[in-house]
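K.L.:
Next come a sequence and a model predicted from it.
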Amino acid sequence: MHRIAIFGGTFDPIHWGHLLLAETALHQVALDRVIWLPSLNPPHKQPVHFQHRIEMLQRATADHPAFSVSLIELNRSGKSYAINSLIDLSAVYPNTHWYWIVGLDAFQTLPRWYRGHEIAQMCDWLIAPRQLGGETIAQSESICKQVEQHLENQSSTVRWQSLNIPLVGVSSSLVRQFVCVGRSIRYLVPESVRSYISDHHLYTNESE
């Protein structure tokens, strides 16, 4: 049976923290593959155009044999929901034990996701600590246990584990903010991504 993790998000843009997280999951859980899954129409965000985010993802992950970027959202109508993506990917990759890489903040809201009680049981959850924040490992695990208890109270189960990743003080919003005010984002994102953002004037008043 294959062991594949989905790493979903807007990736607006992808940065070194994302890549470190995926690499950590790959080795900590002995995964065969990490599938990067950019959201086409996320329910609560309005990111830059999907094609820009796809191109940046593909550039950033091109040299890693265990990373691939899924275009399964490309023709999806309506909002992007995690359970629909997992169902579609399961049809493409049968005989797979699924994992989902997710940040602590997002995992905390899992019971409120669309059909969250169903998807909670369909994969194992790999939890990343907050990139910007002062929570200890114990505090993070306490939050995860609260989610677990909440789901159990609703007759659902969830399997999760924390990823042992160093806290990296970079986020997509920080990258966008730096670009907007003209600050350098070198070493916050891969050079190929930095060049793409510059060439296409993303996250500025001249954005394409």
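P.N.:
Received it, and whenever you're ready, just let me know what you need. Numbering: from 1, shown residues only.
K.L.:
Which parts of the chain are helices?
P.N.:
16-28, 50-61, 82-92, 104-108, 116-119, 137-153, 172-180, 191-199 (DSSP state H).
K.L.:
which stretch among these comes nearest I72?
P.N.:
Taking Cβ to Cβ, helix 82-92 is the member of the helices of the chain nearest to I72, at 5.2 Å. For glycine as for every other residue, the C-beta is placed from the backbone atoms N, C-alpha and C.
K.L.:
Contacts only, for A5.
P.N.:
Contacts for A5 (Cβ atoms under 8 Å, 6 or more residues apart in numbering) come out as 22, 25-26, 29, 31, 33-35, 98-101, 126.
K.L.:
rewinding a little: can you put the helices of the chain in TSV and add mean pLDDT?
P.N.:
Formatted as TSV, the helices of the chain follow (pLDDT from 0 to 100):
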stretch	mean pLDDT
helix 16-28	96
helix 50-61	97
helix 82-92	94
helix 104-108	93
helix 116-119	94
helix 137-153	89
helix 172-180	96
helix 191-199	98
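K.L.:
Now do the same contact list for S155.
P.N.:
Counted by Cβ under 8 Å, 6+ apart, S155 has contacts H117.
K.L.:
so what pLDDT did it get?
P.N.:
We have a pLDDT of 90 for S155.
K.L.:
what do you get for S207?
P.N.:
At S207, the predicted lDDT confidence score is 58.
K.L.:
I figured I6 was touching I87, is that so?
P.N.:
No: I6 lies out of contact with I87 (Cβ atoms under 8 Å); the separation is 11.6 Å.
K.L.:
Compare those two and say which is more crowded by neighbours.
P.N.:
Between I6 and I87, counted using other Cβ atoms under 10 Å, the more crowded position is I6 (21 against 14).
K.L.:
how near is the residue nearest to Y187 when sequence neighbours are not counted to E73?
P.N.:
Using Cβ to Cβ, 6 or more residues apart in numbering and skipping the chain neighbours, the partner closest in space to Y187 is W16 (7.5 Å). Distance, W16 to E73, by Cβ to Cβ, to the nearest Å: 24 Å.
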